[in-house]
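J.: How does the following fold in three dimensions:
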Amino acid sequence: MVLQSAALDSVGFIRDYQELSALKEFLDATVDHKHLNNVLGHDRTTSETLSKWLYDWCKARWPEVVAVRVCESPRTWAEYRP
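T.: Numbers count the residues shown, from 1 in each chain. Next comes the predicted model:
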């Protein structure tokens, strides 16, 4: 996830990592050890569709989100950035 803001808070963050832990909790509860086609409700579960799906989830919670990247391996990834 990529965050962007014109200013930092008083501590120097855009968002504290503690707030962003909701994403980890969501992933653990929703996709960990699950068949992604079932989670997304279709059989087009590419890195691109996953990154957009996660972007939508994150953007609804944190307006500073500007992109989400899903890595398939250390050298291959897809990023959704509207």
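
J.: Helices of this protein, start to end?
T.: For the chain, the helices defined by DSSP state H occupy 17-30, 36-40, 47-61.

J.: any idea which of those helices is most buried?
T.: Highest mean neighbour count among these (mean count of other C-beta atoms under 10 Å): helix 47-61, with a mean of 17. Heads up, the C-betas are built off the backbone N, CA and C, glycines and all.

J.: returning to that earlier point: would you mind putting the helices of the chain into TSV with distance to residue 8 alongside?
T.: Listed next are the helices of the chain as TSV, based on distance: least, C-beta to C-beta, whole Å:
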stretch	distance to residue 8
helix 17-30	14
helix 36-40	34
helix 47-61	19
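
J.: quick one: which of the ones you listed is nearest residue 68?
T.: Closest to residue 68 of the helices of the chain is helix 47-61 (C-beta to C-beta; 4.1 Å).

J.: Out of the helices of the chain, which is closest to residue 71?
T.: Proximity to residue 71 (C-beta to C-beta) singles out helix 47-61 among those, at 7.8 Å.

J.: Which strands or helices does that closest one pack on?
T.: Other elements packing on helix 47-61 under the criterion 3 or more C-beta pairs under 8 Å, 6 or more residues apart in numbering; DSSP states H and E are helix 17-30, helix 36-40, strand 65-73, strand 76-80.

J.: No further queries at this time; thank you.
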